[in-house]
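> the following block contains a protein sequence and its predicted model.
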Amino acid sequence: MTRKLFFIVSFLVLFIFTGCQSSHQVEVKPVEIRPIHITIDVNIRYEKALDDFLDDLEAEEDKIKE
């Protein structure tokens, strides 16, 4: 019984470890790094609204000074 178990365990160990062997070679190429240019224009609406608000304040300030 122990002899059978020894052969079964030996076979399983050899079977498992043969799967760990790798004959594949991985080719490593140099990494090319290129610059990335990103332009984001999201503040146009807020800038226009802020300009309108400040124009209104300046107009009120001119009225107060007169």
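Looks like it came in fine.
> burial count for Phe6?
10 (other Cβ atoms under 10 Å). For every residue, glycine as well, the C-beta is placed using N, CA and C.
> distance check, it against Ile33.
From Phe6 across to Ile33, the span is 56 Å (Cβ to Cβ, to the nearest Å).
> and Phe11, by the same measure?
50 Å.
> more neighbours: these two, which one.
Neighbours per residue (other Cβ under 10 Å) separate Phe11 from Ile33, with Phe11 holding more: 10 against 6.
> where's the residue nearest the centre of the chain, which helix or strand?
The centre of the chain sits closest to Ile36, judged by Cα atoms, centre = their mean, with a distance of 14.4 Å. Counting by DSSP states H and E, no helix or strand carries Ile36.
> cool, and Ser10?
Here Ser10 is assigned to helix 2-18, by DSSP H and E.
> now do the next helix or strand after that helix: distance to the chain's middle.
On the C-terminal side of helix 2-18, the nearest following helix or strand under DSSP H and E is helix 44-65. Computed by Cα atoms, centre = their mean, to the nearest Å, the chain-centroid distance of helix 44-65 equals 41 Å.
> kindly report the same for stretch 6-22.
Counting by Cα atoms, centre = their mean, stretch 6-22 is centred 40 Å from the centre of its parent chain.
> now swap in stretch 32-48 and tell me
Centroid separation between stretch 32-48 and its chain, computed with Cα atoms, centre = their mean, is 18 Å.
> what's the burial count for Lys65?
With other Cβ under 10 Å as criterion, Lys65 counts 6.
> check the gap between the residue nearest to the centre of the chain and Lys29 for me.
20 Å.
> same check on Ala59?
Distance from Ala59 to Lys29, by Cβ to Cβ: 64 Å.
> quick one: which of these two has more around it?
Remark: of Ala59 and Lys29, Ala59 carries more neighbours, 10 against 5, as counted by other Cβ under 10 Å.
> so where's this protein shaky on pLDDT?
18-23, 42-44, 66 (pLDDT under 70).
> Tyr46: neighbour count?
By the other Cβ under 10 Å criterion, the neighbourhood of Tyr46 contains 9 residues.
> could you do the one 3 residues further on as well?
Using other Cβ under 10 Å as the criterion, Ala49 is surrounded by 10 other residues.
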